[in-house]
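Trainee: just coords:
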DNA sequence: AAAAGATAATTGCATTTGCAACCATTTTAT
DNA sequence: ATAAAATGGTTGCAAATGCAATTATCTTTT
């Protein structure tokens, strides 16, 4: 018998996910950036030009079809450009524009404000701890799903 | 300057959310229960007949329109019934069926297996800790969104 | 060098979701 | 007692999302 508090981890993850979507949506609506684009833009601002769409998908665990569409929207809104990689014509080189770079501080501020308010009452040490723990959970989750997939492939 | 690890909490939450959706979808597809119904069914199995749809929505932070649809699907699949509350005709009394009760052990097992694998490498103490911390985060998130709403209402 | 397999990205399709607007009923205020 | 406000739930609509299939290109095998 192991009915413990920890079984609600999944519930809180999903609740938190929905809150964060609502928050991002409110904060970024005026920039024509939705919760579906936000993580891509943040990631691209960190790793400009040095990544494939597929890598973005894997890094964020977002379906590659969704990635295509998110980047299409970001491109239409003028935050990124995509050109075919001449070395590998299947791939695209995704580059952030000046418009995106100018927005970078605001994006980070929104992200930081959210984190700060979210972790109100936590010590700095606890903040680091929970981030580290979540990262570990995500690693485990990836492992679980990958294993399930490989079982299916039998 | 506060660029720390903790700023990625949001990222990991969203990554974990998507993994969990994939997992639940795979595990429960054969029962005709999707990730959108799962949390409701779990919650209803705990608090049968003693809740409104609105309470479910608030508890899980899920839009009430989505709640209506999730319950409609659960009803069609035979896991719950809804009747108008004679005391308050606006409200519905949601009751789980025998079919749902029979499924309860399986649902809990799926939930437990996910949690166990997700927290692989964590001590029991750490498992409790992360659940507690996530609950706190969710409480803070609710607070943030509620405050933002009340500002908009000015 | 050609065929088979893998990889990067896109498109089609169906499903899910949230916001707004709405209806019905109950509660509160006057 | 009636009007106004609040509450529980549903529906319309548009946007987002994931899976599967497809295209194009590159890599590996033979």
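Mentor: Arrived safely. Just so you know, these numbers come straight off a predicted model, no measurement behind them.
Trainee: pLDDT score for the most centrally placed residue in chain A?
Mentor: Central residue of chain A (C-alpha atoms, centre = their mean): residue A:39, 3.5 Å from the mean position. pLDDT for residue A:39: 97.
Trainee: list the contacts for the closest residue to it other than its chain neighbours?
Mentor: Closest residue to residue A:39 apart from its sequence neighbours, by C-beta to C-beta, 6 or more residues apart in numbering or on different chains: residue A:60 at 5.3 Å. For every residue, glycine as well, the C-beta is placed using N, CA and C. Residue A:60 makes contacts with A:39, A:40, A:43, A:67, B:11, B:14, B:15, as judged by C-beta atoms under 8 Å, 6 or more residues apart in numbering or on different chains.
Trainee: show me the two of the residues you listed that sit farthest apart.
Mentor: Using C-beta to C-beta, the two most remote members of the contacts of residue A:60 are A:67 and B:11, lying 14.9 Å apart.
Trainee: mind checking how far stretch A:127-136 is from the chain centre?
Mentor: Mean C-alpha position of stretch A:127-136 versus that of the full chain (C-alpha atoms, centre = their mean, to the nearest Å) differs by 16 Å.
Trainee: and the top helix by length along chain A, does that touch DNA strand C?
Mentor: Longest helix of chain A, by residue count under DSSP state H: helix A:124-152. No - shown here: helix A:124-152 not in contact with DNA strand C (C-beta under 7 Å from any atom of the strand), separated by at least 12.6 Å.
Trainee: what's the distance between that helix and the middle of its chain?
Mentor: For helix A:124-152, the distance to the chain centre is 14 Å (C-alpha atoms, centre = their mean).
Trainee: what is that helix packed up against?
Mentor: Applying 3 or more C-beta pairs under 8 Å, 6 or more residues apart in numbering or on different chains; DSSP states H and E, we find helix A:124-152 packed against helix B:9-28, helix B:98-118, helix B:124-152.
Trainee: just the angle between that helix and helix B:9-28, please?
Mentor: Calculated by axes from the mean of the first three to the mean of the last three C-alpha atoms, to 10 degrees, helix A:124-152 forms an angle of 30 degrees with helix B:9-28.
Trainee: where does chain A have its least confident helix or strand?
Mentor: Lowest by mean pLDDT, DSSP states H and E among the helices and strands of chain A is helix A:124-152, with a mean of 90.
Trainee: residues of it that come out buried?
Mentor: A:127, A:129-131, A:133-138, A:140-141, A:144-145 (16 or more other C-beta atoms under 10 Å in any protein chain shown).
Trainee: run the angle between that helix and helix B:98-118 for me.
Mentor: Using the same axes, to 10 degrees: helix A:124-152 against helix B:98-118 is 110 degrees.
Trainee: pLDDT value on the residue nearest to residue A:62 when sequence neighbours are not counted, please?
Mentor: Distances taken as C-beta to C-beta, 6+ apart put residue B:18 closest to residue A:62, at 6.7 Å, once the chain neighbours are dropped. Here the pLDDT value assigned to residue B:18 is 98.
Trainee: shaky segments in chain A?
Mentor: In the predicted model, chain A carries pLDDT under 70 at residues A:1-4, A:151-154.
Trainee: got the contact list for residue A:36?
Mentor: By C-beta under 8 Å, 6+ apart, the neighbours of residue A:36 are A:66, A:69, A:70, A:73.
Trainee: which secondary structure elements does the helix or strand harbouring the second one sit against?
Mentor: Read it as residue A:69. Here residue A:69 sits within helix A:64-76, counting by DSSP states H and E. Contacts defined by 3+ C-beta pairs under 8 Å, 6+ apart place helix A:64-76 against helix A:38-46, helix A:53-60, strand A:80-84.
Trainee: do that again at 6 Å, thanks
Mentor: Judged by 3 or more C-beta pairs under 6 Å, 6 or more residues apart in numbering or on different chains; DSSP states H and E, the packing partners of helix A:64-76 are helix A:53-60.
Trainee: next, give phi and psi for the closest residue to residue A:100 other than its chain neighbours.
Mentor: Spatially, and ignoring its direct neighbours in sequence, residue A:100 is nearest to residue A:79 (4.2 Å; C-beta to C-beta, 6+ apart). Main-chain torsions, residue A:79, degrees, to the nearest 10: phi -90, psi -20.
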